[in-house]
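A.B. asks: Okay, structure incoming, though there's no sequence with it:
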């Protein structure tokens, strides 16, 4: 019998433009100090889950969410750069730790205009913190819709 393999992929958490991690204008992300992955420059403030998995943590300042996916990848979705300083202002989180999510499920609403007003870059890294379990991956760079495939991995 043939075993049907599910395609291993992460979808974009927002409509926007996908860029590689090294193009993020922040030394920690660009140098991949936390891990590798991709980033999206969002065009809207609706962020969705990039995978099927479980919410592990929501940062106290609401700017980042950690999810463990069905393949044991640990992801940090970090909204904007230096947004921790907003202390949760402009972030309306829709999930809680322990909650199961599917690709495309709402994670949060972000007031992008507030981030712009505070001069915070909108770029949103999706960081795989345990890259050691991935053999290879490919990023679909360029314009993307929310929930379209952004990264394929083995």
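C.D. replies: That came through, no problem. This is a predicted model, so every value here is computed, not measured. Residues are numbered from 1 along each chain as shown.
A.B. asks: Pull out the buried residues from the longest helix anywhere in the chain.
C.D. replies: With secondary structure taken from DSSP state H, the chain has its longest helix at helix 112-117. By neighbour count on 16 or more other Cβ atoms under 10 Å, the buried set for helix 112-117 is 112, 115. Quick note: C-beta positions are derived from backbone N, CA and C, even for glycine.
A.B. asks: Pull the residues that contact that helix.
C.D. replies: Outside helix 112-117, the residues that touch it by Cβ atoms under 8 Å, 6 or more residues apart in numbering are 42, 44, 45, 80, 83, 86, 89, 90, 121, 122.
A.B. asks: Show the subsequent helix or strand relative to that helix.
C.D. replies: Once helix 112-117 ends, the next helix or strand along the chain (criterion: DSSP states H and E) is strand 124-128.
A.B. asks: what packs against that next one?
C.D. replies: On a contact count with 3 or more Cβ pairs under 8 Å, 6 or more residues apart in numbering; DSSP states H and E, strand 124-128 meets strand 36-42, strand 74-78.
A.B. asks: just those strands: most buried one?
C.D. replies: Counting by mean count of other Cβ atoms under 10 Å, strand 36-42 has the highest mean neighbour count of the helices and strands packed on strand 124-128, with a mean of 24.
A.B. asks: Compute the inter-axis angle for that strand and strand 124-128.
C.D. replies: 160 degrees (axes from the mean of the first three to the mean of the last three Cα atoms, to 10 degrees).
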